[in-house]
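Visitor: Got a sequence here, can you model it:
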Amino acid sequence: MGSTEAQMPEPHFKEKRPLTPRARRYWGSLIGSGLVGAAVSLLLLPLSIQAGENVGSGNGSLIDPFLSPISPALAALVAGSWLGGLIAMCLIFYSSLDEVEERDYLWAGLISWYVMMIAIPAWHVLWMGRLVPPVSVWWIFALGLVTNSSVWVWRKYRSR
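Guide: Next up, the predicted model:
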């Protein structure tokens with residue numbers, strides 16, 4: 001008599017399965033977005049180096065790269081790279097999501113929009129009363145990113 005257990009072949013851990021088309025689009029868009037960010041960073045590197053030299057010297061601050069004027073040609077190149085590259089990567093990325101991931105991203109975007117809609121007018125009114133500094137686009141942008149990321153992580157991992 002034979003064993004009651006099914007004869008299963010040994011798993012071959014050394015073999016890698018090829019990525020599905022959806023996974024290729026997903027990872028390709030994430031890597032592509034990183035490359036767009038790296039390209040923009042390299043274009044702005046001279047400003048970052050100058051700001052780093054100014055820190056502590058009294059000639060600037062850590063946020064100088066965001067406040068210093070740049071040449072019109074560089075501005076057009078950076079903006080075009082950023083807009084074109086990231087719009088293309090977003091379209092590819094969102095075409096690779098399943099319905100659960102899509103709902104997580106939609107909820108994260110909606111909640112971060114609400115946070116910004118509430119924070120900007122409140123900050124402006126507090127500034128009018130001279131209780132806070134003027135509204136900063138970069139702080140609002142960071143608030144939106146942190147909120148979006150937090151909601152996405154919460155929705156993504158709460159069901160596990």
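
Visitor: Roughly how far does the residue positioned nearest the centre of the chain sit from Arg103?
Guide: The centre of the chain sits closest to Leu145, judged by CA atoms, centre = their mean, with a distance of 7.2 Å. From Leu145 across to Arg103, the span is 20 Å (CB to CB, to the nearest Å). Using the backbone N, CA and C atoms, a C-beta is placed for each residue, glycine as well.

Visitor: before we move on, the earlier item: now do the residue nearest to the centre of the chain against Trp152, distance only.
Guide: Shown here: Leu145 relative to Trp152, a distance of 11 Å by CB to CB.

Visitor: before we move on, what about Glu102?
Guide: For Glu102, the distance to Trp152 under the criterion CB to CB works out to 11 Å.

Visitor: can you give me the helices for the protein?
Guide: Per DSSP state H, the chain has helices spanning 21-54, 64-67, 72-95, 99-128, 137-158. These are given in chain order.

Visitor: Considering those, which stretch scores lowest in mean pLDDT?
Guide: Per-segment confidence across the helices of the chain bottoms out at helix 64-67, which has a mean of 54 in mean pLDDT.

Visitor: count of neighbours near Tyr148?
Guide: Actually, residue 148 is Asn rather than Tyr. In terms of burial, Asn148 registers 20 neighbours under the definition other CB atoms under 10 Å.

Visitor: now it, nearest residue through space, not along the chain?
Guide: If you skip the residues right next to it in sequence, Asn148 has Ser112 as its closest partner in space, 3.9 Å away by CB to CB, 6 or more residues apart in numbering.

Visitor: same deal with Asp104?
Guide: On the basis of CB to CB, 6+ apart, the spatially nearest residue to Asp104 that is not a chain neighbour turns out to be Arg155, at 4.3 Å.

Visitor: Surely the one you found and Glu101 touch.
Guide: No. Assessed by CB atoms under 8 Å, Arg155 is found out of contact with Glu101, at 9.6 Å.
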